[in-house]
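my questions are about this predicted structure, shown below with the sequence.
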Amino acid sequence: MSLRVAILISGSGSNMVALARSMQGDHPARPCLVLSNRPDAGGLARASEMGIPTAVVDHRPFGANRAAFEGALQEALAAARPDLIALAGFMRILGPDFVGAHAGRMLNIHPSLLPKYRGLDTHARAIAAGDSEAGCTVHEVTPALDDGPILGQARVPVLPEDTPETLAARVLPMEHRLYPLVLRRVAMGDKTPITLP
Ligand code: GAR
């Protein structure tokens, strides 16, 4: 029996596509749901094209009531019975109750070499700091933002002429390599951190 993976997105879903494409053949997992908090997320159509069930839990009607939003998320997820949850550009902060309910079974990809640059604008901050390298991190999700045990990292150089956009364009293909690799390892029970390239 394959493990069931729910993928949570907010945007174009390029990491979701990379994960979903990887879950074929002898891979121990299959995607069971793509869930977005934004009805207009481009990744929803891409998931449908790939034959993956989709759902939307729009955060806006819930306003500041995060508990109610997370309750609705839980309901949508429970229906899909995931064994693992992969956050892939999901841009809402999840509270301790939600995270605790999925402890050890929820992964996230973040576009920096954690523990550097938690939060937003990671590439601009790496450039402003004069860093010579940047990258991305896949980690287990814990209640603290962009924290939790690191499962994998990929590094790229920062070039003198880089803008946040050119750096993001160099990091993103590494995200698409790293996240499927880590997901496969975790699905096989291996949480030993890996480094790319
Ligand atoms: C990715 O770069 C991902 O690392 C980042 O959002 C982008 C989503 O792109 N995630 C975060 O910043 C989470 N804090 P995608 O929708 O094309 O996968």
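Thanks, I have the structure now. Numbering: from 1, shown residues only.

list the buried ones in the top helix by length along the chain?
Secondary structure of the chain read by DSSP state H shows that its longest helix is helix 164-187. Buried residues in helix 164-187, counted by 16 or more other Cβ atoms under 10 Å: 167-168, 170-171, 174-187. Every C-beta, even on glycine, is put in place using the N, C-alpha and C of the backbone.

how about it and the ligand, any contact?
Yes - applying Cβ under 6 Å from any ligand atom, one finds helix 164-187 in contact with the ligand at 172, 175.

pull the CA atoms of that helix into PDB?
What follows is helix 164-187, C-alpha atoms only, in PDB (Å, rounded to 0.1, in the frame of the first residue of the first chain):
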ATOM      1  CA  PRO A 164      16.200  38.700  -5.700                       C
ATOM      2  CA  GLU A 165      14.500  37.500  -8.900                       C
ATOM      3  CA  THR A 166      17.700  36.100 -10.500                       C
ATOM      4  CA  LEU A 167      18.600  34.400  -7.300                       C
ATOM      5  CA  ALA A 168      15.100  32.900  -6.900                       C
ATOM      6  CA  ALA A 169      15.300  31.600 -10.500                       C
ATOM      7  CA  ARG A 170      18.600  29.800  -9.600                       C
ATOM      8  CA  VAL A 171      17.200  28.400  -6.300                       C
ATOM      9  CA  LEU A 172      13.800  27.200  -7.600                       C
ATOM     10  CA  PRO A 173      15.200  24.300  -9.800                       C
ATOM     11  CA  MET A 174      17.200  23.100  -6.800                       C
ATOM     12  CA  GLU A 175      13.900  23.100  -4.800                       C
ATOM     13  CA  HIS A 176      12.400  20.900  -7.500                       C
ATOM     14  CA  ARG A 177      15.300  18.500  -7.100                       C
ATOM     15  CA  LEU A 178      15.600  18.500  -3.300                       C
ATOM     16  CA  TYR A 179      12.000  18.200  -2.300                       C
ATOM     17  CA  PRO A 180      11.200  15.000  -4.200                       C
ATOM     18  CA  LEU A 181      14.400  13.500  -3.000                       C
ATOM     19  CA  VAL A 182      13.600  14.200   0.600                       C
ATOM     20  CA  LEU A 183      10.000  13.200   0.300                       C
ATOM     21  CA  ARG A 184      11.000   9.800  -1.100                       C
ATOM     22  CA  ARG A 185      13.500   9.300   1.700                       C
ATOM     23  CA  VAL A 186      11.000  10.300   4.400                       C
ATOM     24  CA  ALA A 187       8.400   8.000   2.800                       C
END
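
next SSE downstream of that helix?
strand 194-196 (DSSP states H and E).

quick one: mean pLDDT for that following strand?
Taken as a whole, strand 194-196 carries a mean pLDDT of 97.

run through the neighbouring helices and strands of it.
Here strand 194-196 touches strand 150-157, helix 164-187, going by 3 or more Cβ pairs under 8 Å, 6 or more residues apart in numbering; DSSP states H and E.

which residues touch the shortest one?
Contacts to strand 150-157, defined as Cβ atoms under 8 Å, 6 or more residues apart in numbering, come from residues 107, 113-114, 132-140, 167, 170-171, 174-175, 177-178, 181-182, 185-186, 191, 193-197.
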